[in-house]
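K.L.:
when you get a sec, could you give me coordinates for this:
(4 chains)
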2 protein chains.
Amino acid sequence: MPADDPSTPVSSREPREPRWLSTAERAAWIRVVSVLELLPGALDSQLRRDAGLTFFEYYLLARLSEAPNRVLRMSALAHGTNSTLPRLSHVVRRLEDRGLVERLPCPGDGRATNAHLTDAGWDAVVAAAPEHVGEVRSRVFDGLEPGQVAQLTAICDAVLTTLDTEGRTKAFDGLGADGPTG
Amino acid sequence: MPADDPSTPVSSREPREPRWLSTAERAAWIRVVSVLELLPGALDSQLRRDAGLTFFEYYLLARLSEAPNRVLRMSALAHGTNSTLPRLSHVVRRLEDRGLVERLPCPGDGRATNAHLTDAGWDAVVAAAPEHVGEVRSRVFDGLEPGQVAQLTAICDAVLTTLDTEGRTKAFDGLGADGPTG
DNA sequence: CGGCAGTGGTTGTCGGTACAACTATTCGCT
DNA sequence: AGCGAATAGTTGTACCGACAACCACTGCCG
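P.N.:
Reported below is the predicted structural model:
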């Protein structure tokens, strides 16, 4: 319990300890925190309202829709959605109950499970996509100038370097899942 | 249910419907989504591990620590944390159980409640701050060049324009809460 | 070919958030 | 005054995600 002067707000103390945030960094951070708090909620509620899907569910289905044969191993899907296997397992079970996805044992590796996007699942993503993309546009890109899009890409790449221990962001390099090779 | 060619991934179809994302926007968006997914988790787990606090709880306490007399009305606090009153009410109750915050009826407006940061609460934020700031640095700012910090600020401001229906980001302009004026 | 570490997934439980009622106080209007 | 509308918070429920324990299969190594 440091006995610092209690009349001074925590976050604006002098950098006696090295490495407090600079004024410019603080200004940026406050805004980043707001975006982290508000943007997921906005995306979630639009998708919920218009498609009955979570933001996470939507991206899961979208990932599957892009995969060869619309099939991906659970671990590859977890990787591709920046998620964990336990979380994914729960979500996929719910989606399976709704008929949007089905789980098949992976031929060639008895441990693995393949997730397959059903026709109903495909229809659901296709139906949800236009409005979702519209939301992303109106919430994010409409306010940005072209140069800022590139800046944003570079900034996120820099952040993901320390955050994304694997190369999750890098496309699914043909990690096709219908074969045993995995 | 559009009957689009099922062999084409949803997200790379031609812009027959206006307003699909451009290639550059898509590149940016994929990264933004990853950050939205990974960063909160990283911040949460560091704070949980080192201070027993949620990211949200930490920011709530930090906001209170910056307020005059360390007091804020619930609605002002909800506003300042980009949150809702129901959520805040639950969180504050838990923090009150832990002795970090106390709730007092607001003199002058019988409907309102003032949240007050206790000494224990102050100590908790002060103790948690250095490591949390270190985490923010290492996760976000260490990878950025000075120019990118300003870019990030501008980009978030643009996004928050459509997201932040009120001027939440703008500092608590002396919305002091110990008086009835609110 | 038999044990054993490592990999791939699933399940159980708990904490946290959203959403929808519901209560209590204040404000506006006549 | 006094009634209705609006404001400020709280509570209840249901769902989602984190974490830890657990099971099943594979692959290696003697």
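K.L.:
and the residue of chain A that's closest to DNA strand C?
P.N.:
A:S75 (2.9 Å; C-beta to the nearest atom of the strand). Any C-beta I mention is one placed from the backbone N, CA and C, and that applies to glycine too.
K.L.:
host element of that residue?
P.N.:
Using DSSP states H and E, A:S75 falls within helix A:74-80.
K.L.:
mean confidence for that helix?
P.N.:
Here helix A:74-80 scores 94 as its mean pLDDT.
K.L.:
any residue of that helix touching DNA strand D?
P.N.:
No - under the criterion of C-beta under 7 Å from any atom of the strand, helix A:74-80 makes no contact with DNA strand D; the nearest approach is 10.1 Å.
K.L.:
in stretch A:58-69, what counts as buried?
P.N.:
For stretch A:58-69, the neighbour count (16 or more other C-beta atoms under 10 Å in any protein chain shown) marks A:Y58, A:Y59, A:L60, A:L61, A:A62, A:R63, A:L64, A:S65, A:E66, A:A67 as buried.
K.L.:
and that stretch, how far out from the chain's middle?
P.N.:
Chain-centre distance of stretch A:58-69: 13 Å, with C-alpha atoms, centre = their mean, to the nearest Å.
K.L.:
is that stretch positioned near DNA strand C?
P.N.:
No - residues of stretch A:58-69 contacting DNA strand C under C-beta under 7 Å from any atom of the strand: none, with a closest distance of 12.5 Å.
K.L.:
that older thread, how about the residue of chain A closest to DNA strand C: what's its closest non-neighbour residue?
P.N.:
A:L85 (6.5 Å; C-beta to C-beta, 6 or more residues apart in numbering or on different chains).
K.L.:
that neighbour - how many residues pack around it?
P.N.:
Using other C-beta atoms under 10 Å in any protein chain shown, A:L85 is surrounded by 12 other residues.
K.L.:
check A:P107 too.
P.N.:
Counted with other C-beta under 10 Å, residues neighbouring A:P107 total 11.
K.L.:
next: the one 10 residues further on.
P.N.:
A:L117 has 25 neighbours, counted by other C-beta under 10 Å.
K.L.:
for it, list each beta-bridge partner.
P.N.:
A:V101 (DSSP bridges).
K.L.:
touching, it and A:L100? I think so.
P.N.:
Yes - between A:L117 and A:L100 a contact is recorded at 7.3 Å, counting by C-beta atoms under 8 Å.
K.L.:
quick check: neighbours shared by these two?
P.N.:
A:L61 (C-beta atoms under 8 Å, 6 or more residues apart in numbering or on different chains).
K.L.:
helices or strands up against the helix holding A:S75?
P.N.:
helix A:55-66, helix A:85-97, strand A:113-117 (3 or more C-beta pairs under 8 Å, 6 or more residues apart in numbering or on different chains; DSSP states H and E).
K.L.:
between the ones you listed, which one is nearest to B:W20?
P.N.:
Judged by C-beta to C-beta, the one of those that comes nearest to B:W20 is helix A:55-66, at 13.1 Å.
K.L.:
just checking, what packs against the closest one?
P.N.:
helix A:23-51, strand A:71-73, helix A:74-80, helix A:85-97, strand A:113-117, helix A:119-139.
K.L.:
can I get those in JSON lines including distance to B:P107?
P.N.:
Formatted as JSON lines, these follow (distance: least, C-beta to C-beta, whole Å):
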{"stretch": "helix A:23-51", "distance to B:P107": "31"}
{"stretch": "strand A:71-73", "distance to B:P107": "60"}
{"stretch": "helix A:74-80", "distance to B:P107": "53"}
{"stretch": "helix A:85-97", "distance to B:P107": "46"}
{"stretch": "strand A:113-117", "distance to B:P107": "58"}
{"stretch": "helix A:119-139", "distance to B:P107": "41"}
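K.L.:
tell me which of the ones you listed sits nearest to B:P105.
P.N.:
Comparing the helices and strands packed on helix A:55-66 by C-beta to C-beta, helix A:23-51 comes nearest, at 28.2 Å.
K.L.:
would you say A:L104 is within a strand?
P.N.:
Yes - A:L104 forms part of a strand when assessed by DSSP: H, G, I helix; E, B strand; the rest coil.
K.L.:
residues near it, how many?
P.N.:
13.
K.L.:
give me the distance between A:D44 and A:V159.
P.N.:
22 Å (C-beta to C-beta, to the nearest Å).
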